[in-house]
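Peer 1: Here is a sequence with its predicted model. Questions after.
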Amino acid sequence: MLDGFAGGFIEILQIATLMTMFVGVIAGIVASAIPGFTITMAIVLTLPLTFYMPPIQGIATMLGVYVGGLTGGMISAALLGIPGTPSAVATTFDAYPMARKGDPGRALGIGIFASFFGTLVSIIVLVLAAPPLAIVAIQLGPWEYFSLIVFAMTVIASLVGRSLVRGLIAGLIGIFLATIGPDPMMNSPRFTFDLAMLSSGLPFLAVLIGVYAVSQLLGEVEQMRSGSSKGEALIEERIVFRPLSYLMDTIRRPINLIRSSLVGVFIGAVPGAGGSIANLLAYDQARRASKDPDSFGTGVPEGVVASESGNSSTAGGGLIPMIALGIPGSAVDAVLMASLMVHGIAVGPRLMVDNPEIVYSIFVGLFIGALMMLLIALSSMRYFLMVTRIPKHIIVPIVLVFCAVGVFALNNRVTDIYLLFFVGALGYVMKKMDYPLAPLVLGVILGPIAETNLRRALSTSEDLTLFITRPVSAVLLGLAVISLVVFLRHRMRPRASADS
Amino acid sequence: MSDPRSNNASGRPDRPEDDAAPQPEGISGDSGLLQFAFNLVMLAGFGYLFWEAMALPESRWEPLGAGTFPRVLLGALMLLNVIMLIQSAPQARAELGHGPRQLFGVAWRTMLEFRTVFTVLGAFGVFLILIRPLGFVIAAFLFAFGVQLLLGPRTWRNLVISAIIAAVATVGLQVFFAEALNVFLPRGPFS
């Protein structure tokens, strides 16, 4: 193994490889900071460039984009309250309030270090546990997937706010929005009303950007309406950036860091899941484990650590089934796999035997990419923080234009940006009517996976008891029940004490 | 948005039973009448969609057809909206007691209070509609320039700065996406 790692370091530590990785990390950070521009899009755009590189340099460059992208989504989440990528949704919960309280440097600093440590933990797990974890992940059938999603949906419980009914309505609206368009099993159109813009369903990113970005920016306009505050910046206080202090802030929470990273690794290893679920699940687990769960959402470091380590650790987790079994854990891993296949390298169980240098280079490349991300992010963060000094009257229209471009770039369709408008207006109205938006977004993510796997399971066998007789499915459903019971007990306690 | 527990702009308690006595001066999320009307509209909308879902095809190959999952969702949404209607009804009834004239006054004041938000949202809608006929650069420039003027201080300095920022941002985006990413934003007749 040590020989393998030595070989991997020799392969990666070539000047040309390091240079293209460096550019890749910067590209990933910048691309993901733009709302609507996903890591997958950045990786896909990088793919053609890697055709002209040796395979290891190519995959190392793409890993650089990947690691940079997982961190970049945090920048707009923390500074503007708009998740740059779906994997940064939970980061808005605490990093943004922290920034608005006058500490944007701390929000970004903790996020950067949590991302770095999350990636490190995922590399360690990837190296040590790739084969056994991959075998577990691949044995999941539709019953287990459905149960996994049911478990993930219990996250909604901690996002509902103080009104359970409103939170549930928001979550169900999210799941319903995801049913618009072609039915996942039979492809028959649902709720499209013969409108071209609905015919292929609601693009998830249009919903995410509409719900978060448009409603958030309109909220900023609302705060400016008094006239006296015109021209004010997002954050008025003097911005400070103390990396060492933020490092200590992060490593003082080792249990949260490791738990969230392990959640991210596991979710990343499950094909079809990924950073968009991992950050919410890790945040939820951190909140439940906290002695002061009510402080979550007010700008506490624990929330930022959980979300950022949770989403960054999916990088290593997603590579586990890819390296061990040739099954990509996410769209990004599928593109990474494609980049190897272009060079005639078969990705699958024999990869470790036939091309060990590639596997060890991936391990080392991920580590070097994480180090580069840390250095680049820390050295450039002062410039990113300048965003918060720009007056709101400039930020609001320019970011709205960015959002429109980001949504258009998804499918090169103008109709998608019309959807952005309607979803944005819906998000704003819901926000004004005190409906939480986070369950809606989670519903859009999880709804289609739940429906597809439920229908697939029942098509295979109509026996409903399989959901509780298959061990992994039973464990996941059991965890979901425990999760709900804990939530309800926590919810009842303040009422009971108030009554007494 | 940033607070998952109390995701509202007003920061008021979410539970209707926690609400203070009805205040006709405050509307938006605070008003029981508005909540009642909002849930009534949602109930009607989900009811219509449920009726639409009844027409979705069943499958002979699987026990759940295309319509079962949405019907379950919409049924649950209708039920939850009925619960919300019941919860907000007492406050709505109390607010109705203030009389139509006072309620109209509150609604009018709210409209005035939110006119900047509605103007920006309307301008955004117009920008999106104009992208096709005018092209991205012109439509985005008009939107970015106009909204900066609307929200910013009305000075000559701001006028010039807003024009420069709008031009650089829109042309820069068009060039960046075309040259670096091979994504071509819609070009109008003048591009």
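Peer 2: Ah, there it is.

Peer 1: Okay, buried residues for stretch A:450-461 please.
Peer 2: A:450-458 (16 or more other Cβ atoms under 10 Å in any protein chain shown). Yep, even glycine has a C-beta here, placed from its N, CA and C like the rest.

Peer 1: what does stretch A:253-270 give?
Peer 2: For stretch A:253-270, a neighbour-count test (16+ other Cβ under 10 Å) marks A:253, A:256-257, A:259-270 as buried.

Peer 1: For that stretch, the averaged confidence score.
Peer 2: The average pLDDT within stretch A:253-270 is 87.

Peer 1: next one: stretch B:137-156
Peer 2: Averaging pLDDT residue by residue across stretch B:137-156 gives 92.

Peer 1: next one: stretch A:306-320
Peer 2: Stretch A:306-320 comes out at a mean pLDDT of 86.

Peer 1: so does it get close to chain B?
Peer 2: No: remark: stretch A:306-320 sits outside contact range of chain B, by Cβ under 8 Å from any Cβ of the partner chain, the gap being at least 11.2 Å.

Peer 1: Need the distance between the two termini of that stretch.
Peer 2: Distance between the two ends of stretch A:306-320: 21 Å, counting by Cα to Cα, to the nearest Å.

Peer 1: to the chain's geometric centre, what's the distance from it?
Peer 2: Relative to the chain's own centre, stretch A:306-320 is displaced by 9 Å; criterion: Cα atoms, centre = their mean, to the nearest Å.

Peer 1: how about it: buried residues?
Peer 2: Buried positions in stretch A:306-320, judged by neighbour count with 16+ other Cβ under 10 Å: A:306-320.

Peer 1: Can you list the low-confidence ranges for chain B?
Peer 2: By pLDDT under 70, the low-scoring segments of chain B are B:1-30, B:181, B:190-191.

Peer 1: if you go through it in chain order, where are the strands?
Peer 2: Assigned by DSSP state E, chain B shows no strands.

Peer 1: Tell me how it divides into domains.
Peer 2: Split into domains by automatic domain parsing, chain B comes to B:16-113, B:115-181.

Peer 1: Where is the longest helix in chain B?
Peer 2: What stands out as the longest helix in chain B, according to DSSP state H, is helix B:68-96.

Peer 1: Which secondary structure elements does that helix sit against?
Peer 2: helix A:164-177, helix A:438-460, helix B:32-54 (3 or more Cβ pairs under 8 Å, 6 or more residues apart in numbering or on different chains; DSSP states H and E).

Peer 1: Work out which residue lies at the spatial centre of chain A.
Peer 2: Nearest to the geometric centre of chain A sits residue A:87, at 1.3 Å (Cα atoms, centre = their mean).

Peer 1: Out of the buried residues of stretch A:306-320, which is nearest to residue B:95?
Peer 2: Nearest to residue B:95 among the buried residues of stretch A:306-320, counting by Cβ to Cβ, is residue A:307 at 39.8 Å.

Peer 1: Which residue, other than its chain neighbours, is closest to the closest one?
Peer 2: residue A:90 (3.8 Å; Cβ to Cβ, 6 or more residues apart in numbering or on different chains).

Peer 1: Does the one you found touch residue A:283 like I think?
Peer 2: Yes: using Cβ atoms under 8 Å, residue A:90 makes contact with residue A:283 at a distance of 3.8 Å.

Peer 1: What parts of the stretch 301-450 of chain A come near chain B?
Peer 2: Within the stretch 301-450 of chain A, the positions near chain B by Cβ under 8 Å from any Cβ are A:391-394, A:396-398, A:400-402, A:404-405, A:408-409, A:412, A:414, A:417-418, A:420-421, A:424-425, A:428, A:431-438.

Peer 1: Fine by me, we can end here.
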